[in-house]
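In: could you look at this predicted model? Sequence included:
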Amino acid sequence: MESSESGIGFQEYWQILKRRWLPALAVFASVVALTTYGTLKEKAVYEAEGKLLFKKTTPGSALTELGKEIGELTSAAEQSNPLTTEIELIRSVENIEQTIKRLQLKNEKNNQLKTKDF
């Protein structure tokens, strides 16, 4: 009993491609062109990043030991220290913009100072 091999090998594919190179090139070029057009037409995706500061609130009375930790600095994350958190708050864009407006800071051309230059 002989087992016949079913399917087409590489040589057959190559011969078909050699005979029909023009339609194959047209299909390939149209797929590349449509993919390029779709990629360039797609809207850009932007990412934003921010930090959150959570403050502890204790409902205890200031006369008892329960309200003792109200004035203490605590970190926003478990791995950071409270001073790093306060530095991040001072360097925030909102605080810089308020500082520039309140102090009316100007550059050499007498224009309002930009946040980046601050």
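Out: The structure has been received and is ready for your questions.

In: when you work out contacts or count neighbours from here on, use the C-alpha atoms and nothing else.
Out: Fine.

In: report the buried residues of stretch 98-114.
Out: I100, L113 (16 or more other C-alpha atoms under 10 Å).

In: and what of stretch 90-100?
Out: For stretch 90-100, a neighbour-count test (16+ other C-alpha under 10 Å) marks I96, I100 as buried.

In: mind checking the SS state of E88?
Out: Secondary structure assignment for E88 (DSSP: H, G, I helix; E, B strand; the rest coil): helix.

In: run a quick neighbour tally on it.
Out: Using other C-alpha atoms under 10 Å, E88 is surrounded by 13 other residues.

In: could I get the phi/psi values of the residue most central in space within the chain?
Out: By C-alpha atoms, centre = their mean, the chain has its centre lying nearest to E47, at 3.4 Å. Phi and psi for E47, reported as degrees, to the nearest 10, are phi -120, psi 150.

In: separation between it and L103?
Out: From E47 across to L103, the span is 32 Å (C-alpha to C-alpha, to the nearest Å).

In: hey, where'd the helices end up in the chain?
Out: 10-19, 21-41, 82-90, 93-103 (DSSP state H).

In: buried stuff in the helix or strand of the chain with the lowest mean pLDDT?
Out: The weakest-scoring helix or strand in the chain, judged by mean pLDDT, DSSP states H and E, is helix 82-90 (a mean of 75). In terms of neighbour count (16+ other C-alpha under 10 Å), helix 82-90 has its buried residues at P82, T85, E86, L89.

In: okay, domains of the protein per the record?
Out: Domain assignment for the chain, taken from automatic domain parsing, gives 10-41, 50-56+73-118.

In: wait, I96 touches D117, no?
Out: No - at 10.5 Å, I96 does not count as touching D117 under the criterion of C-alpha atoms under 8 Å.

In: on that earlier part again, could I get the helices of the chain as a markdown table with distance to L113?
Out: As requested, the helices of the chain are exported to a markdown table (distance: least, C-alpha to C-alpha, whole Å):
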| stretch | distance to L113 |
| --- | --- |
| helix 10-19 | 65 |
| helix 21-41 | 36 |
| helix 82-90 | 18 |
| helix 93-103 | 7 |
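
In: nearest to K51, out of these?
Out: For K51, the closest of the helices of the chain is helix 82-90, at 8.8 Å, according to C-alpha to C-alpha.
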